[in-house]
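[1] Next come a sequence and a model predicted from it.
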Amino acid sequence: MARVYERREDKLLKEFLQKYFPDWLTWKRVRLGPVPKPEEYKWYQVVRRWADAVVYNGEKVIIIEAKIRAEPGAISQLLLYDKLFPKTPEFRLLKDKPRELLLLVGFPDPEVDELAKEHGIKVAVFCPKWLKEWWIKKIRGE
């Protein structure tokens, strides 16, 4: 039987959403940005950005980027997603709702946390047992 591969970031996000947003509307791996004209669609669709998740509770939208280890580049990703969200046709009914940006990490970095806060981005640290075990093995070179 073939092994089914699940990216660790996807697994982390899935468990986080189940634990903290069980009753929210949830979209995973969401394309953000405007849809191009029909003649541009084929090449443009590929470059529309992907947010790891968008969640909505009827009052506010949270755009989530998940990383195993905090990375400074995730901050610019979230800032771009925030800019693209109101231009996304699939979310036209939510474009004027209050939005939050959330960086989900398994392992934090104080410098990245500080930078995120400077840009109004919340950081959530969520490190399930399986992730800690994987990280220890990685560090040991196993």
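    It's in. Numbering: from 1, shown residues only.

[2] my guess is residue 85 contacts residue 95, does it?
    Yes. The criterion here is Cβ atoms under 8 Å, and residue 85 meets it with residue 95 at 6.8 Å. (C-beta placed from N, C-alpha, C; glycine too.)

[3] Which stretches in the chain count as strands?
    Listed from the start of the chain, the chain has strands (DSSP state E) covering 25-32, 49-56, 61-69, 99-107, 122-125.

[4] Between residue 85 and residue 95, tell me which one has more neighbours.
    More neighbours surround residue 85 than the other of residue 85 and residue 95, with 22 against 13 (other Cβ atoms under 10 Å).

[5] Can you give me the separation between that one and residue 106?
    According to Cβ to Cβ, to the nearest Å, residue 85 and residue 106 sit 25 Å apart.

[6] likewise residue 67?
    8 Å.

[7] ok, now residue 134?
    From residue 134 over to residue 106 (counting by Cβ to Cβ), the distance is 9 Å.

[8] So for those two, which residue has more residues nearby?
    Under the criterion of other Cβ under 10 Å, the comparison of residue 134 against residue 106 puts residue 106 first, with 21 against 16.
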